[in-house]
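Participant: kindly generate the corresponding structure for this input.
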Amino acid sequence: MKSVNKIHRFFCCSLFVLLIITLFNSSANAAQKYYYELKIYHIKTQAQEDKLDNYLQNAYLPALHRIGITNVGVFKPRAGDTLGKRVYVLIPFRSSSQMESLNDKLAADSQYFIDGKDYINAPYNDEPYTRMETIVLRAFPKMPRPAVPELSADKTDRVYELRSYESPSEAYNLNKVKMFNDGDEVALFKRLGFNAVFYSEVLAGSHMPNLMYMVTFNSMADHDRLWKAFGNDPYWKTLSAKPEYQNNVNHIDAIFLHPTAYSDF
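Facilitator: Down below sits the predicted model:
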């Protein structure tokens, strides 16, 4: 009988330990925040744009897909943009180590070098772009992973709004990040139907200290309607009036983009 009781206690203890481990792993996975790399290619000519499109569509995105990186976004400015020709590439990573190992994995992919030879081996006097910027970001706790927006319009008609909020100092930047998370600004965007792709803090970039996020719309009419609803929302009026969240943004950039035909978004 004592032997049976010991077995019973051992079995119960084992189940308890297994439950704790399962709960811990579930919590860790739930809290895991994605990292993003946002590449911005500056281009001047149609030849550069064509070469870059061919590389991204037929070499770079397929290579990323082969190593398990999905939902890669490629975007271009909408008609009427005055900032010059650019191509934006958003790459989501499940961890910082996955981001750090990307170049090594690409270097080991022979098909990537075959498919991308025109871009990779471009001569110095026929470069595929004039400049490339790289911004490194980390997802907010309130949206730890990216989302593919649920939009019904054709890709060329969609509006992807990339926003950057600069702050007067690092402390004010942390305060604005807190406003998005603890203040539940992220939840307000979700409730109103802004179809966000990501929200993130900028770890490295050229406009720091800042945060960046991307929201999406079927049209500019939807964009205008939703931002008007946001500004008039009682929760936003209360949140934005709180003394602890004053003066935490001193410059905002809003860039209007559309996804390319081959973009995963």
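Participant: all strands of the stretch 51-200 of the chain, in order?
Facilitator: Assigned strands in the stretch 51-200 of the chain, in chain order: 73-77, 86-93, 131-139, 159-166, 198-204 (criterion: DSSP state E, counting those that start in this stretch).
Participant: CSV please, covering those and showing mean pLDDT and distance to Lys105.
Facilitator: Yep, even glycine has a C-beta here, placed from its N, CA and C like the rest. Shown next, in CSV, are these (pLDDT from 0 to 100; distance: least, CB to CB, whole Å):
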stretch, mean pLDDT, distance to Lys105
strand 73-77, 97, 20
strand 86-93, 98, 12
strand 131-139, 97, 17
strand 159-166, 98, 27
strand 198-204, 98, 21
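Participant: which one of those lies closest to Tyr235?
Facilitator: Proximity to Tyr235, assessed across the strands of the stretch 51-200 of the chain by CB to CB, is greatest for strand 198-204 (16.9 Å).
Participant: downstream of that closest one, the next helix or strand is which one?
Facilitator: Using DSSP states H and E, the helix or strand that follows strand 198-204 in sequence is strand 210-217.
Participant: ok so, going back, can you tell which of the strands of the stretch 51-200 of the chain is closest to Lys51?
Facilitator: Closest to Lys51 of the strands of the stretch 51-200 of the chain, according to CB to CB: strand 86-93, at 11.0 Å.
Participant: same for that closest one, what does it pack against?
Facilitator: With contacts taken as 3 or more CB pairs under 8 Å, 6 or more residues apart in numbering; DSSP states H and E, strand 86-93 sits against strand 35-42, helix 46-55, strand 73-77.
Participant: ok, it: who's next to it in the sheet?
Facilitator: If you go by DSSP bridges, strand 86-93 pairs up with strand 35-42 (antiparallel), strand 73-77 (antiparallel).
Participant: list the buried residues for the longest one?
Facilitator: Right, the one you point to is strand 35-42. Neighbour counts using 16 or more other CB atoms under 10 Å place Tyr35, Tyr36, Glu37, Leu38, Lys39, Ile40, Tyr41 of strand 35-42 among the buried residues.
Participant: among those, which one sits closest to Val148?
Facilitator: Tyr36 (14.3 Å).
Participant: count the neighbours of the nearest residue to Glu37 once chain neighbours are set aside for me.
Facilitator: Among residues not flanking Glu37 along the chain, Ile91 sits closest, at 4.5 Å (CB to CB, 6 or more residues apart in numbering). Ile91 has 20 neighbours, counted by other CB atoms under 10 Å.
Participant: correct me if wrong: Ile91 contacts Tyr35.
Facilitator: No - Ile91 is beyond contact range of Tyr35, at 9.1 Å (criterion: CB atoms under 8 Å).
Participant: which neighbours do these two share?
Facilitator: With contacts defined as CB atoms under 8 Å, 6 or more residues apart in numbering, the residues shared by Ile91 and Tyr35 are Met99.
Participant: can you tell which of the strands paired with strand 86-93 is closest to Ile135?
Facilitator: strand 35-42 (4.3 Å).
Participant: so where does Ala229 fall, helix or strand?
Facilitator: Per DSSP H and E: Ala229 is located in helix 220-232.
Participant: send the alpha carbons of the helix or strand following that helix over as CSV?
Facilitator: From helix 220-232 onward toward the C-terminus, using DSSP H and E, the following helix or strand is helix 234-240. Only the C-alpha atoms of helix 234-240 are listed here, as CSV (Å, rounded to 0.1, in the frame of the first residue of the first chain):
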residue,chain,number,x,y,z
PRO,A,234,-13.2,59.9,-25.9
TYR,A,235,-10.5,57.4,-24.8
TRP,A,236,-7.9,59.2,-26.9
LYS,A,237,-9.0,62.6,-25.5
THR,A,238,-8.6,61.4,-22.0
LEU,A,239,-5.3,59.6,-22.6
SER,A,240,-3.7,62.4,-24.5
